Structures are given as C-alpha cells and as structure tokens.
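**Q** Give the three-dimensional model of this entry:
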Amino acid sequence: MVESAKSSHFRKILIFFGGLFGLFFIFLVSVPLWFDVDQYRPQIISAAKPFINGTLTMGKLSLSLWGKIKVKVDGLELHDSLSEKVLSAKSIYAEIPISSLFGSEPHLTLVMDRPEVSAVKDKAGNINLLKLVREGSKTDREPNHTAPKGAEAHSLPGFLARTQCTIQLRKAQIFYRDQSTHQQTDIKDIDVEMVKVSLQNPFDIKVNAKINANLGESVNVTGPLALVAKIDIKNQKGQFTFDIPGMRLEGKARIDSINDPAGDLDLSSKLIDFGQWASKGNSPIKLTDLAAEIKFKSNVYNLRTLTFKVLGGEGKASGTVNLVKALPSYDFTVALKSVDLNQAASSQSELFKNTIKGIADFQMAGRGEGFDPLVAKKRLAGSGALWVKDAKFSSLNVGQMLEKGLGESWVKLAEKIPVLQGKPLAKMGPIESEYEVIKSGFVIQQGVFDAPNFEALAKGKKGVDLKGSTQLNLETCAINARWRVIDTYNLTKARDLSVEQGGVKVEHILAEGNGPVSFPVQLEGTCGAPKVNYEAMTSSLIKVALQNVGQGVVQKAKQEITKKIGEELQKGAAKPIQDALKGIFGK
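**A** Predicted coordinates:
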C-alpha cells in the first residue's frame, strides 16, 4: 500500500511538471502569433532618423521563441542624402538561446546575409559613408585619455561583460569608388566569422573574400583575400595574418586607448611581390624581410622604423601618415644601399626597363598626398641624392649619338671652312655607355624629377664623360637633358683633326686650348625613345673651329710682320747691330 501511494504521488508530480512544461511550450509557440513585433518597425526607423543623413528602410520584423529568442529583419537598406544606396542586407537576424540566459555566459548570435557597402569619394574629397552620421548625434563628452587599461570592459555591467557573441557575415560585398582618380576597389564573396566575441576572453576572427582593387593605371590586385586574427579586448592587444596575392603580412597590435584609438603596431612580411600587382609589364620589385614599427593616435600613424631588402640591397625608412584629411598626407625619409638596378632595368616593367643599370645608393626626404600612383606623382615633393656605380644607360647608345652628331657637325663645319670639304672625318674608336659612376643631387616637385648637377664619369678609355642637368617627368617619362660631352680619352678622334688655312696649320681644330674636345648635347623625347638634338653641338663645334682657324691666321700674320720688320731694321745697321738683330728676328 505504501509503495502504491508513493507511485501515485510520483505520477502526479510528473503530470504536474509535464503539464507546466506543455503550457510553457504552448506559450512560446503562441506568443509570435498574438504578439506582432513588426508593429515596432516604424518606431525603430523614427528613432534612427535623427542620427543619420539619409533614409533607412527595413523589411518585416519577426519573432521566434522556439528554444531561443530570435528576431529577424527581412532586408535593410540605407540611402544617403542623395538617395544613393550605401548599405544593404538581404536579411539580418539576432538570436540568443533561452537556456544561456540562465547561465554565467549568455551567448548572442548575429547573422547578416549578403550585406553590401558602397563607398564613394567625390571630387571634393568627401566620402559618403562619413557623411551618414549627423553632427548633432555625436557625443559632446570628450574621450577619457587617462582611463586605465581595460577600463572600458570593466565599467560595463557584469551580465554584458560576460556575454559572448558570434557574428557572421555571409557573401558580403564592399565597393569603393574615387570619382577624382577613377580608382576602384571591389571585395566580393566576403565571409566573416567572429566566434565567441567577448570582453573578457580572447576570440578569433576569420575573413575570406575575393578582391579586385584597381589602384591606378599600373597597379591592380586581384585574387583571394584572407584574414585570421586573435583579439584580446580585456588586455587590449591582438595579432593577425593578412593574405592577398603577392603578400602575406603579419602584425601585432597593442591598444592604449579604445575611445580615441591609440597604440602600437608591429608589422612583418617575408615577401611582398609587386610583380603580381603590376597591370602593365612585369615588375621585378620584391620586398623581403620587411619589418615595421608604427605608433598611431587619432588616425595619425608614425612610422618609427621600416627596414627591408630589395633588389639585392637594403632599405630603411621612417615617416608619418595622416589619415585625418580627405586626401591622406605623408612625409618620409628613405635610404637604399647597394640596390641592383640591373634586375629592374632588364625587366619588362614600364617604370624600370628604360632607365639606368648599375648598383645604386639612394637617399631622399620628401612629402606628398594621396595613395593613387597618378595623384601621388603629381603631389610628391622632396630632395635627395643618387649614386650609381658600374652604371650603364638602358636605352641610350652614347657611341651612336656621338657618331651621328659629329658626322652632321662636320658637314656643316665644311660649309663654313671650305678647306675641310672632301676631308674625311677620322674613324671613331669604340665608345661604350658604361660609367664608373653616375651621380647627382635631385629635387622632385610637381611631378618632375630635376637633377641639376648630373654627372657621369666614364670608365677608363671606354667612354666619354657627361655633365649637366637632367629633368624627367614622372607621369609621362618625358626627358629633357642638357649635357656637356667631354671626350677625356679622345675616343672620338675629334682632337686629332687639323687644317691648313693660308699656309697656316691649325692643330686640334675642334678643341679649346690644350683641353679635350667637349660640346653640349640636348636630349629630349621619352625614357623609352630618347631623341638627341644636335643643333647645340654643331653650333658649338663650328664656333670653336672658326675661333681656332682665326687665331692661327692671326698668329701667322704676326710672324710675317715681325720677320719683315727685322729685315728692314738690318738693312743700314752696323755689323754688330745686324748680328744682334739676327738673334732677335732670325736671318
């Protein structure tokens, strides 16, 4: 009887709790049927309106309590003040398991399906995304720069501080357009997963996407993009690995302030292959063993040190990048040592194939604006020095230049000095475009590279020296050089030329005094197709030749007059005087 009574009581308890659970289940299922959460949609849109410069539209709101509290939005669009779509998503939902509300760590999941962001920078430098937030919506409270490390996390209620959040973006897309430079970047099929995001514990971020970034006419990055990061909000630090075609970048960050972002960032990369980014030709430039230390605050980044290896040499740099302005600005110092330009000049790169070969040292200090190559070239300003050992011009044949120039000058010279007509020009020796060193200081201003003290010193008995000024347009590669050619080793044989005029032999007709033959040359055209203007060369040689012939005739005349005077004086003079005059004037 006792056992039967206990069994009856147990059945009643089960029936009671089973009925209670059933009622609770019916309640959860029926709530969405009689409670219309969508009725609050207009209120949400109205609440957002004072904070945005644009229009927000939302799809239907729905609520589910099946094992979890789930709120879903069937689509969302945000348009700017010009009615251009800036942000959209096919669907958004947030859910939290009911059971986790009774645990120590509530777990919230937020999922956005096919979100899309369209950012446009107009010709005035304004970015539509930055104009979405109304000025009046910003807090007037200044950020607390003296807040202790991790204060933001500890100041939150314990319930929120312990909450873990999983965030997922599925098939997201980001589009960026610059209307002034026509630069564009498309990042598609972005999958983002942030698991167990917490203010108390470290969490992981994974991003996979496809990137197509057009950074001007010569740079294009296309292919897969991957980001893996570990973030520790409590200790305000993190680390990441970022991969795109041609580059893997690793970084570590330490944050001193979250309200007004400030901290340190260390970057490193074993290889950055610019050849995979070149849309024209094949760039040979590869950076290896890159390491950088950066300190940042309020969108101003101070590059304390940057070291790398490039083209067999080494480089180091420092500088500051200011992202506060609509058009980013920067200043920098850079030094390269023992860089092998032979690798660069022998490539098919439009930038390097028509320049100079050799082993270069380079240093420069400058400033500029913009990251688009075309804009950067125009706004770059600076000064420095260039020194290239064992140098050689890639597209300029100095021997051919001199042979043609001397030939044309000799023809015109014969027109001025008839005795030269029919007289052949001596055959030149071999002249190479190789130099012990090419060196110059330089200034860059408004897209023009200007080397006012350019100097190329030929290798012994293999070439001619060049001195003068050189200007190069960084955008069009147009060249404007004013050089003086100095035939130190008489390889042109021009110093051997002589002429006999009126019984007078004039030696070294093309040389000034006892020095080597030298003359000006003007170089125009482009890096790939330089053109030599021989007019200045011809005029100079004619001037020197006529001057030498004139001096020879004058000298002969002086000799004849002196001789005649001597003969006249000797005629009626006594013999002792005649003997003395012979010693002065000859016989």
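**Q** ok, the helix or strand harbouring residue 243: who's next to it in the sheet?
**A** Taking DSSP states H and E as the definition, one finds residue 243 inside strand 237-244. The pairing partners recorded for strand 237-244 under DSSP bridges are strand 220-232 (antiparallel), strand 247-257 (antiparallel).
**Q** Could you export those strands as JSON lines, including distance to residue 119 and mean neighbour count?
**A** Backbone N, C-alpha and C define where each C-beta goes, glycine included. Shown next, in JSON lines, are those (distance: least, C-beta to C-beta, whole Å; neighbours: other C-beta atoms under 10 Å):
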{"stretch": "strand 220-232", "distance to residue 119": "17", "mean neighbour count": "16"}
{"stretch": "strand 247-257", "distance to residue 119": "22", "mean neighbour count": "17"}
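**Q** how about these in a markdown table, adding distance to residue 436?
**A** Below are the strands paired with strand 237-244 laid out as a markdown table (distance: least, C-beta to C-beta, whole Å):
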| stretch | distance to residue 436 |
| --- | --- |
| strand 220-232 | 40 |
| strand 247-257 | 38 |
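**Q** Residue 131 is nearest to which of those strands?
**A** strand 247-257 (25.6 Å; C-beta to C-beta).
**Q** Am I right that residue 211 is in contact with residue 187?
**A** Yes - Residue 211 lies in contact with residue 187 (C-beta atoms under 8 Å); the separation is 5.0 Å.
**Q** Please identify every residue contacting each of the two.
**A** residue 225 (C-beta atoms under 8 Å, 6 or more residues apart in numbering).
**Q** Tell me the secondary structure at the closest residue to residue 197 other than its chain neighbours.
**A** Leaving aside its sequence neighbours, residue 197 sits nearest to residue 165 (C-beta to C-beta, 6 or more residues apart in numbering; 4.3 Å). Under DSSP: H, G, I helix; E, B strand; the rest coil, the three-state class of residue 165 is strand.
**Q** so residue 165 bridges to which residues?
**A** Residue 165 has these beta-bridge partners by DSSP bridges: residue 108, residue 197.
**Q** any idea how far residue 228 is from it?
**A** Distance of residue 165 to residue 228, computed by C-beta to C-beta, to the nearest Å: 19 Å.
**Q** Kindly report the same for residue 301.
**A** For residue 301 relative to residue 228 (C-beta to C-beta), the value is 23 Å.
**Q** Give me the contact list for stretch 180-188.
**A** Contacting residues not belonging to stretch 180-188 are listed as 121-123, 125, 173-178, 209-216, 225, 370, 372, 374-375 [C-beta under 8 Å, 6+ apart].
**Q** from these, which ones fall inside strands?
**A** The strands, defined by DSSP state E, take in 121, 173-178, 209-214, 225 from the contacts of stretch 180-188.
**Q** Output stretch 461-470 as PDB, restricted to C-alpha atoms.
**A** Below are the C-alpha coordinates for stretch 461-470, written out as PDB (Å, rounded to 0.1, in the frame of the first residue of the first chain):
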ATOM      1  CA  LYS A 461      89.300  54.700 -72.100                       C
ATOM      2  CA  LYS A 462      85.800  53.200 -72.700                       C
ATOM      3  CA  GLY A 463      83.500  56.200 -72.900                       C
ATOM      4  CA  VAL A 464      83.000  59.900 -72.600                       C
ATOM      5  CA  ASP A 465      82.100  62.000 -69.600                       C
ATOM      6  CA  LEU A 466      78.700  63.700 -69.300                       C
ATOM      7  CA  LYS A 467      77.900  66.700 -67.100                       C
ATOM      8  CA  GLY A 468      74.900  68.900 -66.900                       C
ATOM      9  CA  SER A 469      71.200  68.800 -65.900                       C
ATOM     10  CA  THR A 470      68.500  66.200 -66.400                       C
END
